[in-house]
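**Q** Build me a model from this:
(one chain, ligands or ions: 2)
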Amino acid sequence: MKTVDIVELLLTAELYNRYEHLTEDDLPKKIRKLFWNHGDGKIQRPLAVTLEHIKNYTGMDGEETLKDLPFIDINRFNGQCRITVLDVGSKWYLKNADVEKIELNPVLAYHYENYDSVEVSYARAREKNLPKESDREWLSALISKLEEDEDTSDMLKLVKVVSPEDVRVTFDDIVLSPEQREEISKIEIAIRNRDYLREIGLYDIGKLLFIGPPGTGKTSTARALSSKLFIPLVEVKLSMITSQYLGETSKNIERVFELAKKLSPCILFIDEFDYVAKTRTSDEHAAVKRAVNTLLKAIDEINLVEDGVLLIAATNHPQLLDQAAWRRFDNVLEFPIPDLELRRKILEKILYRVKGDFDINRVAEKTDGFTGADLRLVVREAVLSSLLNGKKEISQADLEISIEDVRKRLVLRGGD
Ligand SMILES: Nc1ncnc2c1ncn2[C@@H]1O[C@H](COP(=O)(O)OP(=O)(O)OP(=O)(O)O)[C@@H](O)[C@H]1O
Ligand SMILES: [Mg+2]
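**A** Ligands and ions are numbered 1, 2, ... in the order given. A predicted model of the protein is given here:
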């Protein structure tokens, strides 16, 4: 980092304070991340930059670096730094930074768009800058605020909230069929064009049901969507909400949906969705029945276009769902057991960085009925057992032995 980066920080803060209609989404991600210390999901104005911010951001000593720049004032008591003569500061920055840098900062782009000599576009800068919900710091500030409140703190124990910055899975890791990919693209487009969909009154979009046997990539796909769309993922297992505080179940369901709305735009991922059905067919007592109705009603009332919540439910047992549950979803995405071609592609991904002498085609042929998760297991076992023998390479034989081991487990697992 250089002096010009410190001036960018100070200039951005000064302009952000002056142009009051600019929002958090106009602040460049790297700068915004310094200021998420309030739990209300907002960055307070005025933005005050201190020597400490400068140190954290650039690793440089602000006092030393800025001492020759006359348009900057440093308050010796509280360490606050600011640009006092905006015009001079703006010109200095323009002379010392290149235009590409300005276009990575919507606040600056907005400011310089009116300078005749500068070719920048605010709209382009906005497009390049990731929105606030992609920041880990934004999410944790909101969460800690919710933790202070007794009503919401309990509910946080039932869900797992992950920032897209912390999601480890991407679509590069998952092999999808062309149909699956097409559905995923539609959802991406819908999220990016929410305003348009609202304008034309198209609301029945953004409720997906993922069906398929265990280990076929349902959870991974929901996570990859979060990292692709840069929006948080709220994960909840239906069995958790319904068992932990039975009686409170209806309340918990409502709270989970409220939470999702607070964190919007986000993905609400409801796993083990068939739990709804189980409770319906067993001896249903009043509380469970009420909970199921609450859930179905909550699903009806939440909406991607208006609330910014993409709802994804997943189940291994779609046959258990009744019509009332099915019709809540506007799209069903199947995750079948992969065929030969998909197995080969999955193996290519998993074995991409593994060294050794093996034939992926043959492994694919010998693993009929295996899911993506099973294939991962095969490779893991082969890698571990060759490590045990002091080798950092695997052979075809290693893989075939572990195929048989995993097959035995599949037989034990039975019915799935
Ligand atoms: N199509 C696939 N491509 C690449 N990897 C896959 C695929 N399907 C599954 N896997 C791997 O298998 C593991 C388990 O997948 P995941 O947890 O997404 O399955 P799931 O469908 O959610 O299973 P469950 O129904 O048990 O929750 C992951 O590590 C994932 O990488
Ligand atoms: Mg899963």
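
**Q** Tell me the confidence at the nearest residue to residue 318 once chain neighbours are set aside?
**A** Excluding the flanking residues, the one nearest residue 318 by CB to CB, 6 or more residues apart in numbering is residue 211, at 4.1 Å. C-beta: built from backbone N, CA, C; applies to glycine. We have a pLDDT of 96 for residue 211.

**Q** which residues touch residue 211?
**A** Applying CB atoms under 8 Å, 6 or more residues apart in numbering, one finds that residue 211 lies in contact with 314, 315, 316, 318, 332, 333, 334, 335.

**Q** let's see it at 10 Å
**A** 218, 273-274, 313-319, 321, 329, 332-336 (CB atoms under 10 Å, 6 or more residues apart in numbering).

**Q** out of those residues, who's near ligand 1?
**A** With CB under 6 Å from any ligand atom as the criterion, the contacts of residue 211 include 218, 316, 335 near ligand 1.

**Q** how much space between the last one and residue 191?
**A** Same thing as residue 335. 21 Å (CB to CB, to the nearest Å).

**Q** Keep only the contacts of residue 211 that also lie close to ligand 2.
**A** Residues of the contacts of residue 211 in contact with ligand 2 (CB under 5 Å from the ion): residue 218.

**Q** Going by neighbour count, which of the contacts of residue 211 are buried?
**A** Neighbour-count burial (16 or more other CB atoms under 10 Å) applied to the contacts of residue 211 gives 218, 273, 274, 313, 314, 315, 316, 318, 321, 329, 333, 335.

**Q** Skip the chain neighbours and tell me the closest residue to residue 299.
**A** residue 328 (4.8 Å).

**Q** List the contacts of the residue of the chain found nearest ligand 1.
**A** Residue nearest to ligand 1 within the chain (CB to the nearest ligand atom): residue 372, separated by 2.3 Å. Residue 372 sits next to 173-175, 215-217, 220, 335, 337-338, 342-343, 345-347, 349-350 when contact means CB under 10 Å, 6+ apart.

**Q** could you measure it against residue 118, distance?
**A** Look at residue 372 and residue 118: by CB to CB, they are 50 Å apart.

**Q** Residue 56 is in contact with residue 31, isn't it?
**A** No - taking contacts as CB atoms under 10 Å, residue 56 lies outside contact range of residue 31: 11.2 Å.

**Q** and those two? which has more neighbours close in?
**A** residue 31 (21 against 11; other CB atoms under 10 Å).

**Q** before we move on, which element is the more buried one in?
**A** For residue 31, the host element (DSSP states H and E) is helix 29-32.

**Q** can you pull the buried residues of that helix?
**A** So helix 29-32, judged by 16+ other CB under 10 Å, has buried residues 29, 31, 32.

**Q** Just send these back as CSV, with pLDDT and distance to residue 386 too.
**A** Converted to CSV, those look like this (pLDDT from 0 to 100; distance: CB to CB, whole Å):
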residue, pLDDT, distance to residue 386
29, 93, 42
31, 94, 48
32, 94, 46
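
**Q** Distance to ligand 1 for those residues - can I get that in TSV?
**A** Formatted as TSV, the buried residues of helix 29-32 follow (distance: CB to the nearest ligand atom, whole Å):
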residue	distance to ligand 1
29	28
31	35
32	31
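
**Q** from those, which is closest to residue 385?
**A** Of all the buried residues of helix 29-32, residue 385 sits closest to residue 29, with 43.7 Å by CB to CB.

**Q** How about exporting stretch 266-274 as CSV, limited to the C-alpha atoms?
**A** What follows is stretch 266-274, C-alpha atoms only, in CSV (Å, rounded to 0.1, in the frame of the first residue of the first chain):
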residue,chain,number,x,y,z
CYS,A,266,-29.9,-14.1,1.7
ILE,A,267,-30.5,-17.8,1.1
LEU,A,268,-32.7,-19.6,3.6
PHE,A,269,-31.8,-23.3,3.4
ILE,A,270,-34.2,-25.7,5.1
ASP,A,271,-32.7,-29.1,5.3
GLU,A,272,-34.6,-32.3,6.1
PHE,A,273,-37.7,-30.8,4.8
ASP,A,274,-39.5,-34.2,4.8
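
**Q** Give the rounded mean pLDDT of it.
**A** Mean pLDDT, stretch 266-274: 94.

**Q** now swap in stretch 330-345 and tell me
**A** 95.

**Q** Could you tell me the end-to-end distance of that stretch?
**A** In stretch 330-345, first residue to last residue: 29 Å (CA to CA, to the nearest Å).

**Q** gap between that stretch and the chain center?
**A** Here the centre of stretch 330-345 is set off from its chain's centre by 23 Å, with CA atoms, centre = their mean, to the nearest Å.

**Q** Report the residue spans of the stretch 1-150 of the chain with pLDDT below the cut-off.
**A** For the stretch 1-150 of the chain, the stretches with pLDDT under 70 are 38-39.

**Q** Please apply the same query to the stretch 151-300 of the chain.
**A** 242-247, 278-285.

**Q** Flag every residue of it that's near ligand 2.
**A** 218, 219.

**Q** how would you label the single nearest residue of the stretch 151-300 of the chain relative to ligand 2: helix, strand or coil?
**A** Closest contact between the stretch 151-300 of the chain and ligand 2, by CB to the ion, is at residue 219 (3.1 Å). When classified by DSSP: H, G, I helix; E, B strand; the rest coil, residue 219 comes out as helix.

**Q** hang on, it packs against residue 267?
**A** No - if you go by CB under 10 Å, residue 219 and residue 267 don't touch, sitting 11.5 Å apart.

**Q** Next, give phi and psi for the residue nearest to residue 318.
**A** Here is the backbone geometry of residue 211 (degrees, to the nearest 10): phi -120, psi 150.

**Q** Show me what it is bridged to.
**A** Under the criterion DSSP bridges, residue 211 forms beta bridges with residue 315, residue 334.
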